[in-house]
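Undergrad: Got a sequence here, can you build the structure:
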Amino acid sequence: MSRPTHNTLPAKSNRARLPVGFRAFALALVLSVAPPIGTGFTQSCLSAAETRAAIASGQVMPLSSVASIARSRGYAQVASANVCSAGGTLVYQVVAIASSGASARLTIHGVSGAVLAER
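TA: Numbering: from 1, shown residues only. Sure thing, here's the model as predicted:
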């Protein structure tokens, strides 16, 4: 019986693991999209419990619908999503990542699913 010429490790799962550098980049990206203090930008985001309650009561669409909207715009995954009140309207603030690694911040209306901003 012949031995392999290189070391092989058994796969621990079917999911691909992201390199540490990419994870650090994604974390830095998520932290960088927060508005700077003192800019006059006022936005109040819901807690996880409040978000679940808003979804259950129909005030906002479920996250699966938001992920579908991001995919329909060419993004491979949603890195983060927060429900926030902007001008009295509940919106999703989403960081989406394309398969190329490019990312964007989307503002999606919480009920209609209309993309209000993409940058």
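Undergrad: CA atoms for contacts and neighbours, from now on please.
TA: Noted.
Undergrad: Identify each buried residue in stretch 84-104, please.
TA: Residues of stretch 84-104 classed as buried by neighbour count (16 or more other CA atoms under 10 Å): 84-86, 90-98, 103-104.
Undergrad: Among these, which lie within strands?
TA: Among the buried residues of stretch 84-104, DSSP state E puts 84-86, 90-97, 103-104 in strands.
Undergrad: which stretches of this protein have low pLDDT?
TA: The chain contains residues with pLDDT under 70 at 1-43.
Undergrad: all helices for it, in order.
TA: 20-32, 48-56, 63-72 (DSSP state H).
Undergrad: can you redo the ones in strands among the buried residues of stretch 84-104 as TSV with distance to residue 113?
TA: Below are these laid out as TSV (distance: CA to CA, whole Å):
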residue	distance to residue 113
84	14
85	15
86	15
90	11
91	9
92	9
93	12
94	12
95	15
96	15
97	18
103	19
104	17
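Undergrad: of those, closest to residue 58?
TA: Minimum distance to residue 58 across those is 11.3 Å, recorded for residue 90 (CA to CA).
Undergrad: Was I right to think the closest one contacts residue 110?
TA: Yes - the criterion here is CA atoms under 8 Å, and residue 90 meets it with residue 110 at 5.3 Å.
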